[in-house]
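# My questions are about this predicted structure, shown below with the sequence.
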Amino acid sequence: MTQQTSLNSPVIPREGIHPYMNGKIRSPAGQANGSTNDRIQIVDEQKNFTTDLSSQIEQWGLRDAGFGYNIVAVFGSQSTGKSTLLNGLFGTNFDVMDETNRRQTTKGIWMCRAKGMDVMVMDVEGTDGRERGEDQDFERKAALFSLASSEILIINLWEHQVGLYQGANMGLLKTVFEVNLGLFGKSQDSASQRTLLLFVIRDHIGTTPLANLSGTLTADLSKIWDGLSKPAELQDRKLSDYFDLSFTALPHKILAPEKFVAGVQTLRSRFSDKDNEDFVFKPAYHKRIPADGVAIYMEGIWEQVQTNKDLDLPTQQELLAQFRCDEIASVALAEFSEQAKSQRRPVEAGRVVEGLGSLMRDWKSQALSRYDRDASRYHQDVYKRKRADLLGVIDSTLSPLFLGQLKNLHKSCLVTFKKDMVAGMRGDAYNFADVVAAAREKCEKRFTQEAEEARLHDTDWVWEDELELLREEVKAVADQCRADETKKLINLTDRNIRKQLSEPVELHLNTASPDMWDKILNAYKEILEKGEATYLSKARSFNCTEEENTRALATVRKRAWLALRSKIDEQTADTVILGKLRTHFEERFRYDEHGVPQVWKPEDDIDGAFKKARDQTLELLPLYAKIAPSDPSAAYELPSDAGTLSLDDAQVDEEFDFAATLLVLSETKIMDLSSRFRKDADAYYVEAKRSTVSSIAQIPTWMYGVLVVLGWNEAMTVLFNPMYFTMLLFALATAWVIIQLGLVGPLLQVSQTIANEVQRQAAARLREHFSQPQLEQPVRSRPMAETGIEMDELESDDIKRRPNTL
Ligand SMILES: Nc1nc2c(ncn2[C@@H]2O[C@H](COP(=O)(O)OP(=O)(O)OP(=O)(O)O)[C@@H](O)[C@H]2O)c(=O)[nH]1
């Protein structure tokens, strides 16, 4: 017959009907809190430790309990109702023996979470087990294991066993005392390494009071303790130094089931009710193993026990701490690395990540607090050592981000600095030094602020070196800007000087005179002086060195001189200077002293006037030839170092020769220009001569008589023909109207202008004709006298060669 416990809770499953999965037994269907009621065989019959304890503890919801949990183990002879007691006390579902078979049910060590309590309960295989026979090895190992991990050992025994050696588990207790001495004997702080031995006397009938039973048991325990062979240094240690003893009795489960249930409930409240004055879980009993390390700790203990090695708990705890701290650190690091990775790409891509410092601080503190939360419960030395390691890894992971951020910040600040410089130098009304100072201050301020933000304060990271580099680059950029500005200012000064030079040079070169160069050079010096002064006043804000200013001024001077020269070159180009000579000549030959155009008469001395005007004009050429003022004080000399100091191209500088620039027209050029001018002058001469020839041609008086005779008939025809006569009258009327309206003058003027234009055109054609190479045609033997020109008086060879064209 299968016996069901009469307890209200829990429902105890029958043997053979539990689904056994990987050493774990699932809760029976219908139980409210299934996962928390799973039990697990942590040590099987072959003394192997389970691999599932860690996940089981997690499933029980105790993994993060820290120290907020308790462990209880039950010891006792086989089939003394241990499982029944535990199920009653803790609501667990350990197997209970089938009455009909009376076979041992609990094998190895089982563990289950107490219902409604953060307590892990261990059901240990009964001692003097029939199946194990004389195998005391398991009993010893189980005792060692339970003592190393449990706070309370429940010793379960029948009332009638009290006073007996075998039945009362005295052998087991002796083992417990022995292994306890080995484990905690040397511990100085015995107060924190205590264990409660809770004796539960079953089937207590009541005839022998509990006090008597406990007295007997205490006396037996003392006897066992005293009989132990202790090491010399522990000789004076008492049982009470290591153990607290507590005794309780439960009525007969079969004979007094209600009282039994009530007794169990009373005992249960000692485990569950913290306010109960007999509350059993005292801090001193706790083994101080954090819940998330219990599985590994127990496995380590069992391994030590199993291999019969000396079980050194501090070492075990240290090993556990190392293992768990590593594990916790790697979990914290994994999450931290994910977070850090999210910003690695933008930093590597050159971006300045906003608020990177606070992000890094957050990641770091999250990782550390996660580590501290779980690892600080472990061995303190190990915890601290591993924390330092973790900190090292975190900092070395963040360091590249910090350095990358600094580099990116450096670049970004420099770009902003350049932009600020460009923006600041827009327009004309700016002070370069102020622009640089403002941009530099802004740049350094931003770098300092953002670099400091990115720095983790508990590190030795620094950003000052990077700031120094930034400062150097900012200076280089500012210097470059200054150099560009200097060049721009030089160019501006150059343009202004060029513009101002244009007019006076043109004016004075057009009105050639002996003091022409004096005037030009004086104007030049004045303009240059003004230009230099303007340059210096503007360049003051550049904070240039003396040397830089000297070089800039040398450049300004050289450029100004070259500008003057190029203007002079422009004004003395072949066509321009020939134009000037022609104008000069025309003014003297074609116009009289009042500026009225000359009308040549036969009696005029054309040749003399021509010669005079031509010679006067030719005298101008030597004047233009060299920049040579008549007054030596007006002379200008470009400083000899102007060329070498100039900021312009070095190649050009080396070739610059000031003396050479004073020469405007070479000898050959003068000869060439003189010859070309003579040809032009000759044309004017010929034109003058033609005008006199045409003016002397007159109509003879008899020609008018001939005209009257020859035209008589035609006149009569007109007078007597009504149509012709009408036309004549119309013509006369038109003439009368014109006279009456006073339009005669304008009409004559118009006619005169047309005639002049025709004459001018003809003269131009004629001049063109004479300047053609056809002048080289062979000379015809035509008497010179016919032309009316006295050729020997002419010096011009050309005219001598062209008599037939006249
Ligand atoms: N007389 C009596 N019998 C009990 C009591 N509690 C349980 N039993 C019975 O004793 C038998 C053994 O019970 P278990 O709870 O399996 O005992 P156990 O010590 O866990 O057995 P093993 O696990 O095999 O060592 C069962 O048939 C129970 O019904 C009790 O208080 N008094």
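It's in. Numbering: from 1, shown residues only.
# Check what contacts stretch 212-221 and list those residues.
159, 162-163, 165, 168, 170, 173, 197, 199, 201, 204, 239, 245, 247, 249 (CB atoms under 8 Å, 6 or more residues apart in numbering). Where C-beta positions appear, they are placed from N, C-alpha and C, glycine not excepted.
# ok, Asp374 to Asp226 distance?
For Asp374, the distance to Asp226 equals 44 Å [CB to CB, to the nearest Å].
# just Glu354 next, same as before
Counting by CB to CB, the gap from Glu354 to Asp226 is 75 Å.
# Setting aside sequence neighbours, what's the nearest residue to Val744?
The shortest distance from Val744 to any non-neighbouring residue, by CB to CB, 6 or more residues apart in numbering, is to Ile738 (6.0 Å).
# Next: Leu470.
His410 (5.0 Å).
# mind listing what that neighbour touches?
Phe447, Glu466, Leu469, Leu470, Glu473.
# ok, now with 10 Å
When contacts are counted by CB atoms under 10 Å, 6 or more residues apart in numbering, His410 touches Val352, Cys443, Phe447, Ala451, Trp463, Glu466, Leu467, Leu469, Leu470, Glu473.
# Then Phe49?
By CB under 10 Å, 6+ apart, the residues touching Phe49 are 23, 41-43, 108-109, 145, 295, 298-303, 305-306.
# tell me which residues of stretch 362-381 are tucked away?
363-364, 367-368, 370-372, 374-379 (16 or more other CB atoms under 10 Å).
# cool, and stretch 292-302?
Buried-residue list, stretch 292-302, by 16+ other CB under 10 Å: Asp292, Gly293, Val294, Ala295, Ile296, Tyr297, Met298, Glu299, Gly300, Ile301, Trp302.
# chain center to it: distance?
50 Å (CA atoms, centre = their mean, to the nearest Å).
# pLDDT on that stretch, on average?
Mean pLDDT, stretch 292-302: 89.
# start the count at 24, not 1, going forward
Sounds good: first residue 24 from here, last item stretch 315-325.
# Alpha carbons of it, in PDB - could you do that?
Extracted in PDB, the C-alpha atoms of stretch 315-325 (Å, rounded to 0.1, in the frame of the first residue of the first chain):
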ATOM      1  CA  ASP A 315      25.100  32.700  -8.000                       C
ATOM      2  CA  GLY A 316      28.300  30.900  -6.900                       C
ATOM      3  CA  VAL A 317      26.600  28.200  -4.900                       C
ATOM      4  CA  ALA A 318      26.600  25.700  -7.800                       C
ATOM      5  CA  ILE A 319      30.200  26.100  -8.600                       C
ATOM      6  CA  TYR A 320      31.200  26.200  -5.000                       C
ATOM      7  CA  MET A 321      29.400  23.000  -4.300                       C
ATOM      8  CA  GLU A 322      30.800  21.300  -7.300                       C
ATOM      9  CA  GLY A 323      34.300  22.400  -6.200                       C
ATOM     10  CA  ILE A 324      33.700  21.100  -2.700                       C
ATOM     11  CA  TRP A 325      32.400  17.800  -4.000                       C
END
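# I'd like the distance from the most far-flung residue of the chain relative to its centre to Tyr558, if you could.
Computed with CA atoms, centre = their mean, the residue of the chain farthest from its C-alpha average is Val732, at 113.5 Å. Relative to Tyr558, Val732 is positioned 90 Å away (CB to CB).
# mind showing which ranges of this structure have poor pLDDT?
Scanning the chain for pLDDT under 70 picks out 24-60, 121-128, 150-159, 188-191, 208-215, 663-678, 716-723, 794-829.
# So whichever residue of the stretch 224-373 of the chain sits closest to the ligand, which state does it fall into?
Nearest to the ligand in the stretch 224-373 of the chain, going by CB to the nearest ligand atom, is Lys276, at a distance of 3.2 Å. Using DSSP: H, G, I helix; E, B strand; the rest coil, the structure places Lys276 in coil.
# so what's the residue nearest to it when sequence neighbours are not counted up against?
Spatially, and ignoring its direct neighbours in sequence, Lys276 is nearest to Phe283 (4.4 Å; CB to CB, 6+ apart). Residues counted as contacts of Phe283 (CB under 10 Å, 6+ apart) are 28-30, 104, 107-108, 111, 225-227, 273-277.
# what about 8 Å?
Ser29, Leu273, Pro274, His275, Lys276.
# quick one: which of these is nearest to Glu549?
Leu273 (127.9 Å; CB to CB).
# Quick check: the closest one vs Ile224, distance?
7 Å.
# again, but for Arg347
40 Å.
# same question, Glu593
132 Å.
# Which one's more surrounded, the two?
Using other CB atoms under 10 Å as the criterion, Glu593 and Ile224 rank with Ile224 on top: 23 against 13.
# ok, back up a step: shouldn't the residue nearest to Val767 be within a helix?
Yes: with three-state DSSP as the criterion, Ile761 is located in a helix.
# hang on, the earlier thing: would you reformat the contacts of His433 as JSON lines and include distance to Glu569 and neighbour count?
Shown next, in JSON lines, are those (distance: CB to CB, whole Å; neighbours: other CB atoms under 10 Å):
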{"residue": "Val375", "distance to Glu569": "41", "neighbour count": "20"}
{"residue": "Cys466", "distance to Glu569": "28", "neighbour count": "25"}
{"residue": "Phe470", "distance to Glu569": "32", "neighbour count": "24"}
{"residue": "Ala474", "distance to Glu569": "37", "neighbour count": "23"}
{"residue": "Trp486", "distance to Glu569": "37", "neighbour count": "21"}
{"residue": "Glu489", "distance to Glu569": "34", "neighbour count": "18"}
{"residue": "Leu490", "distance to Glu569": "31", "neighbour count": "19"}
{"residue": "Leu492", "distance to Glu569": "29", "neighbour count": "13"}
{"residue": "Leu493", "distance to Glu569": "29", "neighbour count": "24"}
{"residue": "Glu496", "distance to Glu569": "26", "neighbour count": "16"}
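# Name the nearest residue to Asp67, sequence neighbours excluded.
Gly131 (4.8 Å).
# now swap in Asp627 and tell me
Closest to Asp627 by CB to CB, 6+ apart is Thr715, at 7.3 Å.
# The one you found: how many residues sit nearby?
Thr715, neighbours per other CB under 10 Å, totals 16.
# mind checking the SS state of it?
helix.
# Surely it touches Lys624?
Yes: using CB atoms under 8 Å, Thr715 makes contact with Lys624 at a distance of 6.6 Å.
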